[in-house]
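Colleague: Got a sequence here, can you build the structure:
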Amino acid sequence: MAPEIKAFFIFTSEPIKPYDRLIKAVVHVESRGDTLAYNLIEEAAGAFQIRPIRLRDYNQRTNKNYKLKDRYNFRISKEIFLYYAMLVGFSDYEKIAKDWNGSGKETLQYWEKVKLQL
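Modeller: You can find the predicted model right below:
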């Protein structure tokens, strides 16, 4: 008869965060990580440079009630970014970045900048 073995194992795993690299790259391109950044021309604010129209759209889609000042809060801005990123899916960083930037040929240049930071 084999000896009785008493063992107890606890395994922990780190959560998978598929967007972390992209978040860092986008934040670097948008604001160099400055949570207080403000673009007067576009009225874009915070680390992710969120425009008022994006915030309104997010609030409508999610029934949230974030205010313009909340764009300066990194956690809230990240939540907004991730909402739109998840609409695309984690496997297409290029589409996520281009959609975040807007539309038109400027998105091609934007993607190149983001790619350099990945």
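Colleague: quick one: L68 and P52 touch, right?
Modeller: Yes. In this structure, L68 is within contact of P52 by CB atoms under 8 Å, at 6.2 Å. C-beta coordinates here come from the backbone N, C-alpha and C atoms, glycine included.
Colleague: same for whatever helix or strand W111 lives in, what does it pack against?
Modeller: Per DSSP states H and E, W111 falls inside helix 106-117. Here helix 106-117 touches helix 20-31, helix 93-101, going by 3 or more CB pairs under 8 Å, 6 or more residues apart in numbering; DSSP states H and E.
Colleague: what's in contact with the last one?
Modeller: This means helix 93-101. 19, 21-22, 25-26, 48, 81, 84-85, 88, 107-108, 110-111, 114-115, 118 (CB atoms under 8 Å, 6 or more residues apart in numbering).
Colleague: Check stretch 59-79 too.
Modeller: Outside stretch 59-79, the residues touching it (CB under 8 Å, 6+ apart) are 23, 35-36, 45-48, 50, 52, 55, 58, 80, 83.
Colleague: coming back round to it: now the helices and strands packed on helix 106-117 as JSON lines including mean neighbour count and mean pLDDT?
Modeller: Output for the helices and strands packed on helix 106-117, formatted as JSON lines (neighbours: other CB atoms under 10 Å; pLDDT from 0 to 100):
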{"stretch": "helix 20-31", "mean neighbour count": "18", "mean pLDDT": "98"}
{"stretch": "helix 93-101", "mean neighbour count": "19", "mean pLDDT": "97"}
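Colleague: residue contacts, T107?
Modeller: 97-98, 101.
Colleague: what's the closest of those residues to S31?
Modeller: N101 (13.2 Å; CB to CB).
Colleague: how close does the closest one sit to P15?
Modeller: 27 Å (CB to CB, to the nearest Å).
Colleague: same deal with N63?
Modeller: 26 Å.
Colleague: Kindly report the same for K98.
Modeller: 27 Å.
Colleague: Which strand or helix spans the residue nearest the centre of the chain?
Modeller: In the chain, the residue lying closest to the centroid (CA atoms, centre = their mean) is F81, at 3.8 Å. Taking DSSP H and E as the definition, F81 sits inside helix 74-88.
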